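In: Give me the fold of what follows.
(one chain, ligands or ions: 1)
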Amino acid sequence: MSETATVASAAALAAPHVPDAAELSVRGLAVDLGGRPVLRDVSLEVSGGELVGLIGPNGAGKTTLIRSVLGLVPVREGEITMAGNATKAARRAAGYVPQRHEFAWEFPISVHDVVLSGRVGRMGWLRRPKVEDYRAVSEALERAGMSDLKERPVGQLSGGQRQRVLVARALALRPRLLLLDEPYTGLDIPTQEMLTDLFTELSAEGQALLMTTHDLAGAMHTFDRLYLVNRTVVAEGSPQQLRDPQVWIETFGFRDGSPLLSALGVN
Ligand SMILES: Nc1ncnc2c1ncn2[C@@H]1O[C@H](COP(=O)(O)OP(=O)(O)OP(=O)(O)O)[C@@H](O)[C@H]1O
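Out: Predicted coordinates:
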């Protein structure tokens, strides 16, 4: 029996997996915030086994796009499906790693219990954790390299350790799709490399990953495909396919001949 079928929540039963569909499909998405258009006509897909980057300048709408997928902001137009299923319950099954500053780190709670809170979508608020929940938490802590610090209050962690806790919390849900919002920001190179290795391993295991980052040089090495976004999708392709400087200039407003373009290998 599949893991989805063993979960006895109505949400899971309402969201059967359609094997041939992309894990995430967004079609013609338009989102307004505060009465102003933020995203228009955004379409993208992420399949199992793909590590996909969402890159664009500040204010491009990357976080808004991720929050739309999770059903956290109202959508004016368009369709969002996960494994072919458009229900909010299906979309809540995505693993979400928010930006680090969005989490209440001062709350007196241990690493283990934060990661366990990632299971709430599966358990529901009112059910006590079961053996399966503790097993998922233990596996997620192990993968994120946080098992040794599991009893530590999260307020006492470094930035890199906090980031790994947020990744473990998302993995504890055992999601088919993982959405990560700027997981590398403010991290030293060894921690970034540790996370990149983990994300690459997860994609090799069939996980679908969609991640925002401002590390453009890293993106050219790490991702299978990139979406260049500025309020809409300006360009999409593998790093090798995105060699036209014009699409980078249009997305980021780089000036023609900017040394950044040659640093990215697109000049
Ligand atoms: N709650 C809100 N109300 C009104 N406007 C908002 C709200 N949240 C975001 N915006 C606006 O929507 C636009 C896109 O913001 P968003 O945070 O999605 O961009 P981003 O690409 O993630 O940026 P960054 O790289 O700086 O994190 C910005 O112009 C922002 O000011």
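In: make it CA atoms for all contacts and neighbour counts henceforth
Out: Noted.
In: can you list the domains in this protein?
Out: For the chain, automatic domain parsing gives the domain ranges 24-94+175-267, 106-173.
In: Dump those domains into JSON lines; add mean neighbour count as well.
Out: Converted to JSON lines, the domains of the chain look like this (neighbours: other Cα atoms under 10 Å):
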{"stretch": "domain 24-94+175-267", "mean neighbour count": "18"}
{"stretch": "domain 106-173", "mean neighbour count": "19"}
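In: Quick check: which of those is nearest to R100?
Out: Closest of these to R100 is domain 106-173, at 6.5 Å (criterion: Cα to Cα).
In: Mind listing what's buried along stretch 95-109?
Out: Within stretch 95-109, the residues scored as buried using 16 or more other Cα atoms under 10 Å are G95, Y96, V97, P98, Q99, R100, W105.
In: Which of those residues fall in strands?
Out: G95, Y96, V97 (DSSP state E).
In: Which one of those residues is nearest to the ligand?
Out: Using Cα to the nearest ligand atom, V97 comes nearest to the ligand of those, at 13.3 Å.
In: who are the neighbours in contact with that closest one?
Out: L166, V167, R169, A170, L178, L179, L180, D181, P183 (Cα atoms under 8 Å, 6 or more residues apart in numbering).
In: want to throw those into CSV with secondary structure?
Out: Shown next, in CSV, are those (DSSP: H, G, I helix; E, B strand; the rest coil):
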residue, secondary structure
L166, helix
V167, helix
R169, helix
A170, helix
L178, strand
L179, strand
L180, strand
D181, strand
P183, coil
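In: Closest to the geometric centre of the protein, which residue is that? Let me know.
Out: Nearest to the mean C-alpha position of the chain, by Cα atoms, centre = their mean, lies L179 at 1.4 Å.
In: just to revisit the earlier point, what is the nearest of the contacts of V97 to the ligand?
Out: D181 (8.0 Å).
In: The closest one and T196, how far apart?
Out: When Cα to Cα, to the nearest Å is the yardstick, D181 and T196 sit 14 Å from each other.
In: ok, now E102?
Out: E102 is 22 Å from T196, where distance means Cα to Cα.
In: I'm done for today, thanks for sticking with me.
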